[in-house]
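Peer 1: Need a 3D model of the following:
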Amino acid sequence: MDIQAGATAETGRSERRRQAIIQAATEVFLRHGYLGATTDEVAARASVSKQTLYKHFADKQHLFAEIILDTTVHLVDGLSDAVASTLQDAQDVHKALRDLADGFLRGLLQPDVVRLRRLVIAEADRFPEVGRAWFDRGFDRTLVILGEAMRHLADRGLLHNLSDPTLAAYQFAGLVMYQPMNQVMFAGTDAPPPADKLDRIADSAVEMFLATYG
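Peer 2: A predicted model of the protein is given here:
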């Protein structure tokens, strides 16, 4: 029993060190980019030895891939929860979609999310598998989930003409996110559109979407 308890405690410590390394690496990569980041700085920020860092991650490339995948999983989980909680039992489809638009804007315009998105794009040719993972496991998966939720709304008679739910989900996300996302991607994370403009974008996106599918 004592051996088992000791093994469990060690597993817990190992996971805490791993998460500390991922958090530190995220900060370092966001600050310096891939080429400017060093495992020395990551280890120092995580308060671990380089030996411990390399025990968890073979090299800087694997560490970079891991922070992208880790962020993707958390982002998808958050957006998927927003989709489920907002649309699952919706009675007023206009209000539900408007609330979902707000959730997308809040989640995807977070400065660290935008910075990671820029970093993935900047390194897409060097690490195409990381870029594919960000898209396939992140963006595309979220919109497939949204499409399924929209299909359930159509089954309940709240949406119509929904022959391709995933395409409809992409169209909704595009209406909501295209302008503000491009603004922060190019103009900087410190200059997001003002709240009243985001409200107008969200209102218009829902109206246009429902003009086709409502």
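Peer 1: mind listing the helices for this protein?
Peer 2: 2-36, 39-46, 50-56, 60-87, 93-108, 111-122, 128-133, 141-155, 165-187, 195-213 (DSSP state H).
Peer 1: Among those, show the one with the smallest mean pLDDT.
Peer 2: For the helices of the chain, mean pLDDT drops lowest on helix 2-36, to a mean of 80.
Peer 1: Report the separation between His74 and Gly147.
Peer 2: Spatial separation of His74 from Gly147 under the definition CB to CB, to the nearest Å is 21 Å. In this view, the C-beta of every residue, glycine as well, is placed from N, C-alpha and C.
Peer 1: Look at these two and report which has more neighbours.
Peer 2: Each of His74 and Gly147 has its neighbours counted (other CB atoms under 10 Å); Gly147 has more, 20 against 12.
Peer 1: ok, the more buried one touching Gln171?
Peer 2: No - the pair Gly147 and Gln171 does not pass the contact test of CB atoms under 8 Å, sitting 10.2 Å apart.
Peer 1: Next, count neighbours for Phe127.
Peer 2: The local packing count at Phe127 equals 17, with neighbours defined by other CB under 10 Å.
Peer 1: residues touching it, list them.
Peer 2: When contacts are counted by CB atoms under 8 Å, 6 or more residues apart in numbering, Phe127 is found next to 61, 64-65.
Peer 1: How about the backbone phi and psi for it?
Peer 2: The phi and psi torsions at Phe127 (degrees, to the nearest 10) take the values phi -130, psi 70.
Peer 1: How many residues are close by the residue lying closest to Thr142 once chain neighbours are set aside?
Peer 2: In this structure, Thr142 finds its nearest non-sequential neighbour in Leu79, 4.7 Å apart by CB to CB, 6 or more residues apart in numbering. By other CB under 10 Å, the residues close to Leu79 number 23.
Peer 1: ditto for Ser204
Peer 2: As a burial measure, the neighbour count of Ser204 was computed by other CB under 10 Å and equals 14.
Peer 1: residues making contact with stretch 140-157?
Peer 2: Applying CB under 8 Å, 6+ apart, the external contacts of stretch 140-157 come out as 75-76, 79-80, 83-84, 87-88, 90, 93, 100, 159-160, 162, 164-170, 172-173, 213.
Peer 1: mind listing what's buried in it?
Peer 2: The neighbour-count criterion (16 or more other CB atoms under 10 Å) identifies 140-143, 145-147, 149-151, 153-154 as the buried residues of stretch 140-157.
Peer 1: go on, stretch 166-185?
Peer 2: Neighbour-count burial for stretch 166-185, counted by 16+ other CB under 10 Å, picks out 166, 168-173, 175-177, 180-181, 184.
Peer 1: before we move on, what about stretch 129-137?
Peer 2: 130-131, 133-134, 137.
Peer 1: Other residues contacting that stretch?
Peer 2: 64-65, 68-69, 72-73, 76, 117, 120-121, 123-124.
Peer 1: Please indicate which of those residues are buried?
Peer 2: 64, 68-69, 72, 76, 117, 120, 123.
Peer 1: Dump those into JSON lines; add distance to Leu109 as well.
Peer 2: Below are the buried ones among the contacts of stretch 129-137 laid out as JSON lines (distance: CB to CB, whole Å):
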{"residue": "Phe64", "distance to Leu109": "23"}
{"residue": "Ile68", "distance to Leu109": "19"}
{"residue": "Leu69", "distance to Leu109": "21"}
{"residue": "Thr72", "distance to Leu109": "17"}
{"residue": "Val76", "distance to Leu109": "16"}
{"residue": "Arg117", "distance to Leu109": "10"}
{"residue": "Val120", "distance to Leu109": "16"}
{"residue": "Glu123", "distance to Leu109": "21"}
